[in-house]
Each structure stands twice: as C-alpha cells, then as structure tokens.
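Q: Give me the fold of what follows.
(chains A and B, ligands or ions: 2)
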Amino acid sequence: MSTFLEDVNEKIGGVPIQACYHCRKCTAGCPLAFAMEYNPNKVIKMIQMGMKDKVLNSSTIWLCASCETCVTRCPNNVDIARMMDVLRETAIEEKIEPKEKNIRKFHEAFLASIKSGGRINEPMMIVNYKLKSGDYFSDMAMGMNMFMKGKIKLFSPRTKDMKSVRQIFKSTSK
Amino acid sequence: MKVSYYPGCSLHATGKEYDLSVKAVSKALDIELQEVDDWSCCGASSAHMTNYKLSVALPARNIIAAEKDKKDVMVPCAACFNRFKMAQHHMREDEVLKKEVEDMVGGTFSDSVAIRNPIDILYNDVGIDTLSGKVKKKLTGLKPVAYYGCLLLRPPEVCEFENYENPYMLDKIMAGLGAEPRNWSCKTDCCGGSLTLGKTEVVVRLVDKLMTMAREAGANCLVTACPVCFANLDTRASENVRLPAFYFTEIIALALGLEGPDSWFKIHNVDPRPLLKSLSLL
Ligand code: SF4
Ligand code: SF4
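A: Ligands and ions are numbered 1, 2, ... in the order given. Model prediction:
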C-alpha cells in the first residue's frame, strides 16, 4: 500500500514535496496564511508525517486562493499551489465534509452552471449558491444593484453545442 | 491586425464594461476581433480547484475551436488567460493527458495559436508611441496604480507574460496616455479571487489592504485587466478606504476620446465620475 506522501506526489506529477527544506518563503508570501489553520509549508510536513485526516479536514486546503505566489518563489520548485488542488480533489473523492463548506458550495454552483448552459449565468449561479449555502441575505442589495444597472441579465446566450460540453463533464466525473 | 477573441463569461455579465471597452479600443487601433466560434466557459478556479482533468478539457475545447482560425487569441480576462495558458502547458507536457482530452473534446490540439492578453498586444504590437499619438485628451491628474494581480503573471513559465515580480507594461501604457502612474509594492498581490462569495471577510481584508497601500502611494484610482480583481476592488472595499477602479481599456478609451466611457462608468459600483469631473476629464 502506498503512503499518503507517495499518493500526493504522484498526483502532483512534478517535484516531490520532500524537496522542501522549510525556508518558509512560501508561507511568508502567502496572502491567505493569516486565515489558514496550518501554514502552507506545515502542510508539507504533515503529509510527510502521514497526517492525512488532519490535512484533508483542514480549512487550509479550501482557503488557498491559487494565487501561485508560493510555487513562483520556492527555491526548490515545490508546487504548493498544485498540491492544494490535489488535496482538495482528494478530499472530495473521499467524501470529506469540508471545513469551509461555503467555498466548496460555491465551486459546485459554478460548475453546475457551466454544465447546464456551457457558460456561467451569473444570477442563476449566485441563486444556486445561495440555495446550497443557505446564505440568503448577504450581498442581496449588491446583486439587485447590478441587476438594475443592467450588468447581469436573467437570460444570457448559451453555448450551442451543449453535447460536447456535457461530454467533457461526463468523461471527467468521478 | 486580426485576432480571435475569447470574451469569456465575466465579460458578458459583471465585466460588461471590459468587453465594451476592449471592443471600442480595438476598433480605434485597427485590431479586428473575431469571436471564437460557440465558445464555452474556461472552468475558472472552480474547475482546477476540484477536478484537474476538467480544468484542462474546458479551456482545451475553446483553444481547439480557435485553432481553426489560425490567429492569435485575445483573452482579456486574466482568469481565462491563465486557464488557457495552463491547459496548453499541461497538454504540451503530458502526451497521455493530451490524447485523453482530445478524445473528450473531439478535436486535435495542434498547439498552433498564441494566447494573449490585450495588455501584451497593445504594448508589443500596437506600441506606446502609436497609442500616445492617438490621444485626444491627456489624462493629466489621473494617478492610477497598476494592479496586475496573480493570474496574468503566475506561474511565470506558464504565463510567459512579463517581469513577474515587478511588471511594467500597464504602467507604461498609463503613462503613454498622459496619466501619472504611481509606483507601489502591491502590483502582483492577490485580491482573494473567487473566495469572494464563500469567504467574503477574507476578501474584504485583502482588498482593504490594497486600497490602503494605493492611497499611501498617492494614487487616486486603480487600474486592472482582471474582472475578478475588478469586481472585488469595486464591491468589496470598505467605504473609508475605497478608491474607484477601472479596466485599463476604459481609461484608454477615455484618453482616445472614444464613445462609451460615460455609460460604462455609470455601471461601476464605486462611481468614478466625480473624480474624473474634478480633473476635467469628463
Ligand atoms: S518555499 Fe519551498 S522550500 Fe521553502 S518552505 Fe516553502 S515549499 Fe519549502
Ligand atoms: S497558491 Fe495558495 S498556498 Fe500558495 S501562496 Fe497562494 S494562497 Fe498561499
């Protein structure tokens, strides 16, 4: 049986994360580190130590904004941004209830919108997100404001060849 | 010059003024835009954050469609630009993945077109001199900070954009219009991107920091090329620190004396017209 470290490295498919020598340059430049449960370089150490549950259950993996600052600056080319993608994807596959539920729900609503129309219909996507998250009231005034200014429309053109879009979702679904 | 044009979803909704201003500026600079046939969403952050293959296949469908026209592809949205470049990169690096994606999409990826942001096209193909030569109204008194954000620049070997820690193209474009761009240290900082709905308070904190730093640098507005950044700057900053934000193409259109800017500024959340009026630019 493979270890958690081996699994993560295989999915990253690049520099193995144990190339990290914990200089913490990634963490120093990470714009979201202040809000994260574990700092980016700490996640590497935790993976090496086999702390799979803690890592996949942490808020860190959902709070990463994929700004790619970490990998851009890492002296060892450790791709933390990709590692975070891998950890999120693994958490979803293993049906782990995310600590940041609304972030996950936003992604679901976003992808559902592409799946149904090929393009994002922003009002529909936001309504869908609000229904999923139960967060009905925040941003309502702003949404109305944008609607009144004609920025967002209830109906926008869709992709015509929806068959090909659905095929992509079908082939990549888990 | 003729290019393929991929507007993407934001430019048809919350980033409407970006679409309109890109079109107006392109026309004025003799850049002919041909929309990518029957395009679909690039998947943005939500796809790559949750499903790697989906995140390559969604942009690939559009890249393959654009390859038929054999022209550079103009992608104004920084988020779409990043996903397109990433998809090209992954398909170049991974033959097996490329085949798999081609089967899903039903076409061949020939890696034959360049994905380009309009900043790059205006700076490198049109050129600052030509642009300056067309200025009807010098933007004297406008002191923008150029905010590049994450997605045009990182990772640098994928984006192939420009100096990734201290980019300058947008600053030079602004200066070429007679504006007085301010130097600042947050050019490439993150605004929190798509966390804006799922974790709003974090985005407010990041955006407030950007606004505070922009003020400290002596700026009176921010200029961006990303609809995600724009939406966050325009709607998430606290009232005591906020400054108006612009898409860079809106500012160009204003300087070139084109039709439209006034109607675009009207749909901003933070109204930039009082600032522009005080500088006699509107
Ligand atoms: S910057 Fe690279 S080497 Fe340094 S702590 Fe982060 S991942 Fe490790
Ligand atoms: S990509 Fe994620 S982990 Fe890396 S610096 Fe950005 S927010 Fe932090």
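
Q: For chain A, which residues are neighbours of ligand 2?
A: A:30-32, A:40, A:64-70, A:80-81, A:84 (CB under 6 Å from any ligand atom). To be clear about C-beta, it is placed using only N, CA and C from the backbone, and glycine gets the same treatment.

Q: The same query, at a cut-off of 5 Å, please.
A: A:30, A:32, A:40, A:64-65, A:67, A:69-70, A:80-81 (CB under 5 Å from any ligand atom).

Q: and the stretch 101-250 of chain B, which residues reach chain A?
A: Counting by CB under 8 Å from any CB of the partner chain, the stretch 101-250 of chain B comes close to chain A at B:103-106, B:150, B:154-156, B:164, B:189-190, B:192-195, B:197-200, B:202, B:205-206, B:235.

Q: Where do the domain boundaries of the chain fall?
A: Let's take chain A. Domains of chain A are assigned by automatic domain parsing as A:4-93, A:103-167.

Q: looking at chain B here, not the other one
A: Looking at automatic domain parsing, the domains of chain B come to B:2-116, B:128-278.

Q: right, so of those domains, which gets closest to residue A:18?
A: Closest approach to residue A:18 among the domains of chain B is made by domain B:128-278 (20.5 Å; CB to CB).

Q: The residue in chain B positioned nearest to ligand 1: how many residues sit nearby?
A: In chain B, the residue that lies nearest ligand 1 is residue B:155 (13.3 Å; CB to the nearest ligand atom). Residue neighbour count, defined by other CB atoms under 10 Å in any protein chain shown, stands at 22 for residue B:155.

Q: now residue A:94
A: Neighbour count for residue A:94, taken as other CB under 10 Å: 10.

Q: ok, it - contacts?
A: By CB atoms under 8 Å, 6 or more residues apart in numbering or on different chains, the contact list for residue A:94 reads residue A:56.

Q: ok, 10 Å please
A: A:52-53, A:56 (CB atoms under 10 Å, 6 or more residues apart in numbering or on different chains).

Q: May I see the ChimeraX selection of the buried members of those?
A: Listed next is the ChimeraX selection for buried residues among the contacts of residue A:94, using 16 or more other CB atoms under 10 Å in any protein chain shown:
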select /A:52,56
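
Q: and the lengthiest helix in chain A with chain B, contact?
A: In chain A, with assignment by DSSP state H, the single longest helix is helix A:101-117. Yes - applying CB under 10 Å from any CB of the partner chain, one finds helix A:101-117 in contact with chain B at A:101-115, A:117.

Q: Using PDB, write down the CA coordinates of the helix or strand following that helix.
A: Per DSSP states H and E, the first helix or strand lying C-terminal to helix A:101-117 is helix A:122-133. Only the C-alpha atoms of helix A:122-133 are listed here, as PDB (Å, rounded to 0.1, in the frame of the first residue of the first chain):
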ATOM      1  CA  GLU A 122     -24.100  34.800 -13.000                       C
ATOM      2  CA  PRO A 123     -27.600  35.400 -11.500                       C
ATOM      3  CA  MET A 124     -28.500  31.700 -11.800                       C
ATOM      4  CA  MET A 125     -25.100  30.700 -10.400                       C
ATOM      5  CA  ILE A 126     -25.500  33.000  -7.400                       C
ATOM      6  CA  VAL A 127     -29.100  31.900  -6.700                       C
ATOM      7  CA  ASN A 128     -27.900  28.300  -6.900                       C
ATOM      8  CA  TYR A 129     -25.000  29.100  -4.500                       C
ATOM      9  CA  LYS A 130     -27.300  30.900  -2.100                       C
ATOM     10  CA  LEU A 131     -29.700  27.900  -2.000                       C
ATOM     11  CA  LYS A 132     -26.900  25.500  -1.400                       C
ATOM     12  CA  SER A 133     -25.200  27.500   1.300                       C
END
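
Q: just how off-centre is helix A:122-133 within its chain?
A: 17 Å (CA atoms, centre = their mean, to the nearest Å).

Q: Name the nearest residue to residue B:200, sequence neighbours excluded.
A: Nearest non-adjacent residue to residue B:200, counting by CB to CB, 6 or more residues apart in numbering or on different chains: residue A:138, 6.7 Å away.

Q: State the number of residues packed around that neighbour.
A: 12.

Q: so who does the residue in the stretch 51-200 of chain B that ligand 2 sits nearest to touch?
A: Residue of the stretch 51-200 of chain B nearest ligand 2, by CB to the nearest ligand atom: residue B:190 (6.4 Å). Residues in contact with residue B:190 (CB under 10 Å, 6+ apart) are A:29-32, A:65-69, B:149-151, B:154, B:203, B:206, B:210, B:229, B:232.

Q: swap the cut-off to 8 Å and go again
A: A:31-32, A:65, A:67, A:69, B:149-150, B:206.

Q: And the furthest pair within those residues?
A: A:32 and B:149 (14.4 Å).

Q: if you count what's nearby, which of those two comes out ahead?
A: In terms of neighbours (other CB under 10 Å), residue B:149 is the more surrounded of residue A:32 and residue B:149; the figures are 27 against 24.

Q: Not counting its neighbours along the chain, what's nearest that one?
A: residue B:229 (4.6 Å).

Q: So the host helix or strand of residue A:26, near ligand 1 or not?
A: Assigned by DSSP H and E, residue A:26 belongs to helix A:25-29. Yes - using CB under 5 Å from any ligand atom, helix A:25-29 reaches ligand 1 at A:25-26.

Q: What is that helix packed up against?
A: Here helix A:25-29 touches helix A:40-48, helix A:69-73, going by 3 or more CB pairs under 8 Å, 6 or more residues apart in numbering or on different chains; DSSP states H and E.

Q: show me where pLDDT drops low in chain A?
A: Scanning chain A for pLDDT under 70 picks out A:136-137, A:140-144, A:147-148, A:150-155.

Q: Now with 90, please.
A: Low-confidence segments of chain A, defined by pLDDT under 90, are located at A:1, A:97-113, A:116-117, A:119-158, A:173-174.

Q: Where does residue A:84 fall, secondary structure wise?
A: Using DSSP H and E, residue A:84 sits in helix A:80-93.

Q: ok, and what's touching that helix?
A: A:7-8, A:11-12, A:14, A:17, A:26, A:40-41, A:43-44, A:55-57, A:60-62, A:64, A:66-68, A:70-71, A:74, A:98, A:104, A:174, B:48-52, B:155.
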